[in-house]
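A.B. asks: I'd like to go over a predicted model; first the sequence, then the structure.
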Amino acid sequence: MIVGSGLLARAFDSFKDDDRVLVFASGVSNSSTATEADYAREGNLLLAQIGTQARLTYFSTCSLFDPELKDSGYIRHKRRMEELIRTQFKNHTILRLPNVVGHTPNPHTLCNYIRDRILAGETINVHVKACRYLMGVDRVSASCIPLLTDAFSRGKTLNVCYDQPVSVPDLVAVMEHILNKKAVIREVDSGSCYEVDNREFKQHWLFKRHTPWPGADEWPRMLAKYYGDPMVSTG
């Protein structure tokens, strides 16, 4: 069963008729401008699932570990939702995701935002000390689908990410190369890099999958996959 209709809901479409799992994929679409009403809508929708016999899967965020975001409304909301799930849904799995990259019309995702600003010739404020964790939606679904029914992850909160984050200046530079257009950049001397403990997720990946753990060249190839032609023209 699936609640939601966006990028993650589509990625986990294989569970739409599976009564064992309830994939809750109906979060706020823009974390930077979300209002208390947006947070309340998600919270009420989550409360409506209390009593389900299925395992509830909730998508939280690795940004919980970003020291510059810890007091933001979005992060406070995610912490509240995690605590609600732990107290009200004994059978659950919480997946803290990185920035998920994929084909989506949502203009508020990080990479869509950078692409759109580059193509429009609009200024991007680049926080030169900032880093972000990235993962393609295909990797998210392939690595997380087994977790939704595995006893290993029942009742757990897992940090789903690769070993190293990507610096925002490097991210913009690679997007410039893929789009073959220079960005209009305003450098801002701020931002933070932070570590996320992904050991349990990595352990499960290496134990269950027959593909190697992605290396440092994974993220540029992933961006080229989603933002190279014809992605530039189709959005």
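C.D. replies: Looks like it came in fine. Numbers count the residues shown, from 1 in each chain.
A.B. asks: what packs against the lengthiest helix in the chain?
C.D. replies: The longest helix of the chain (DSSP state H) is helix 73-88. Secondary-structure packing of helix 73-88 (3 or more CB pairs under 8 Å, 6 or more residues apart in numbering; DSSP states H and E): helix 36-47, strand 55-61, strand 92-97. (C-beta placed from N, C-alpha, C; glycine too.)
A.B. asks: Save the ones you listed as a markdown table, and put in mean neighbour count too.
C.D. replies: Output for the helices and strands packed on helix 73-88, formatted as a markdown table (neighbours: other CB atoms under 10 Å):
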| stretch | mean neighbour count |
| --- | --- |
| helix 36-47 | 14 |
| strand 55-61 | 23 |
| strand 92-97 | 22 |
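A.B. asks: ranking those by mean pLDDT, which is last?
C.D. replies: Here the helices and strands packed on helix 73-88 differ in mean pLDDT, and the lowest is helix 36-47 at a mean of 88.
A.B. asks: For that one, enumerate the helices and strands it packs against.
C.D. replies: By 3+ CB pairs under 8 Å, 6+ apart, helix 36-47 packs against helix 73-88.
A.B. asks: Can you list the neighbours in contact with the helix it packs on?
C.D. replies: 28, 31-32, 34, 36, 39, 42-43, 46-47, 50, 56, 58, 60-61, 63-64, 66, 69, 92, 94, 157 (CB atoms under 8 Å, 6 or more residues apart in numbering).
A.B. asks: in it, what's buried?
C.D. replies: 73-75, 77-78, 81-82, 85 (16 or more other CB atoms under 10 Å).
A.B. asks: between those, which is nearest residue 147?
C.D. replies: Distance to residue 147 across the buried residues of helix 73-88 (CB to CB) is lowest for residue 85, with 15.1 Å.
A.B. asks: Would you state the predicted confidence (pLDDT) at that closest one?
C.D. replies: 95.
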